[in-house]
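Q: this one's structure only:
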DNA sequence: TCAATATATTCTCATATAGGCATATAAAAT
DNA sequence: ATTTTATATGCCTATATGAGAATATATTGA
């Protein structure tokens, strides 16, 4: 037949670049729709519609507070993606890049505390 | 205006479930089109078309060998996704699941060597 | 050369949106 | 009650594209 709905699949949901931008903002902090509009500079309905998709796939939740609707990320819902990515890790740089990065980070933090 | 092409974006490319299935197979080993058809049981043109998209975004490369075309995964191309996912790791299970797993692994290997 | 095999391409159709615009809804403030 | 503020919805259009069917292309073999 034709294409399939992206609105019920986490993988497709993050396939849309604007939705990734919204996610990147909401990772930083819970925000209202107009706060997001201020940041991304898209028309409010565009933001609301993408949020609606993200809400349907449960990547975000909505919390009402007076006139505002506060959107918050639900990182657990993105786990399937992380898990799907595991299958590639064995190909990557000695297979332990992330660990290296993390250890380096720890070291840097240690030095910071000592200084 | 309207939607954007997925054919030039790694994130959108893996948004399509059938393409993820093909990737999952090609991670295991380089395969020809008909080998893939045998595995997934879809019409050959369907497989070829999805491979074409994956080739355009460079997730796979094609190598000709006689009448066959062997497709091989290019894991580096999926790195941007892995990197994008990093931003969520701090939310997950003590924030250091993967590291914990790795350290445990190291320890086990140490014990093995000692035994 | 001709047939067989392996794969890509073209054409068509159905459908899923992304975004624009206008408007509806809902809560708060006056 | 009326207005203002915050957000969602509905309608419309353009376009992307997944899949089916038929066909084209390319390579090997007889």
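A: Happy to help now that I have it. Everything numeric here is computed off the predicted structure, so don't read it as measured data. Residues are numbered from 1 along each chain as shown, chains lettered A, B, ... in the order given.
Q: Hmm, residue A:8 is touching residue A:58, no?
A: No. Residue A:8 is beyond contact range of residue A:58, at 10.1 Å (criterion: CB atoms under 8 Å). In short, each C-beta sits where N, CA and C put it, glycine included.
Q: partners of residue A:71 in the sheet?
A: residue A:31, residue A:62 (DSSP bridges).
Q: mind listing what it touches?
A: By CB atoms under 8 Å, 6 or more residues apart in numbering or on different chains, the residues touching residue A:71 are A:26, A:30-33, A:36, A:51, A:54-55, A:60-63.
Q: And residue A:62, by the same measure?
A: A:51, A:55, A:69, A:70, A:71, A:72.
Q: Return only those of these found close to DNA strand D.
A: With respect to DNA strand D, and counting by CB under 7 Å from any atom of the strand, the subset of those in contact is A:51, A:69.
Q: Name the nearest residue to residue A:60, ignoring sequence neighbours.
A: residue A:54 (4.5 Å; CB to CB, 6 or more residues apart in numbering or on different chains).
Q: Which helix or strand contains the one you found?
A: helix A:44-56 (DSSP states H and E).
Q: Can that helix be said to contact DNA strand C?
A: Yes. Counting by CB under 7 Å from any atom of the strand, DNA strand C is contacted by helix A:44-56 at A:45, A:46, A:49, A:50, A:53.
Q: is it true that the last one touches residue A:19?
A: Looking back up the chat, that one is residue A:53. Yes. Here residue A:53 lies in contact with residue A:19, judged by CB under 8 Å, at a distance of 6.6 Å.
Q: anything in contact with each of the two?
A: In contact with both residue A:53 and residue A:19: residue A:13, using CB under 8 Å, 6+ apart.
Q: Hmm, residue A:18 is touching residue A:42, no?
A: Yes. Here residue A:18 reaches residue A:42: they are 7.1 Å apart, a contact under CB under 8 Å.
Q: What pLDDT is listed against residue A:25?
A: Note on residue A:25: pLDDT of 98.
Q: show me what contacts it?
A: A:31, A:36, A:39, A:40.
Q: These in helices, which ones?
A: A:36, A:39, A:40 (DSSP state H).
Q: do you know how far the last one is from residue A:73?
A: The gap separating residue A:40 from residue A:73 is 15 Å, by CB to CB, to the nearest Å.
Q: Keep the contacts of residue A:25, but drop any that are not near DNA strand D.
A: Okay, of these, nothing touches DNA strand D (CB under 7 Å from any atom of the strand).
Q: from those, which is closest to DNA strand C?
A: Nearest to DNA strand C among the contacts of residue A:25, counting by CB to the nearest atom of the strand, is residue A:40 at 10.5 Å.
Q: Provide a list of residues in contact with the closest one.
A: A:18, A:21, A:22, A:25, A:47.
Q: can I get those residues in a markdown table with secondary structure and distance to residue B:86?
A: Putting the contacts of residue A:40 into a markdown table (DSSP: H, G, I helix; E, B strand; the rest coil; distance: CB to CB, whole Å) gives the following:
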| residue | secondary structure | distance to residue B:86 |
| --- | --- | --- |
| A:18 | helix | 20 |
| A:21 | helix | 16 |
| A:22 | helix | 18 |
| A:25 | helix | 16 |
| A:47 | helix | 25 |
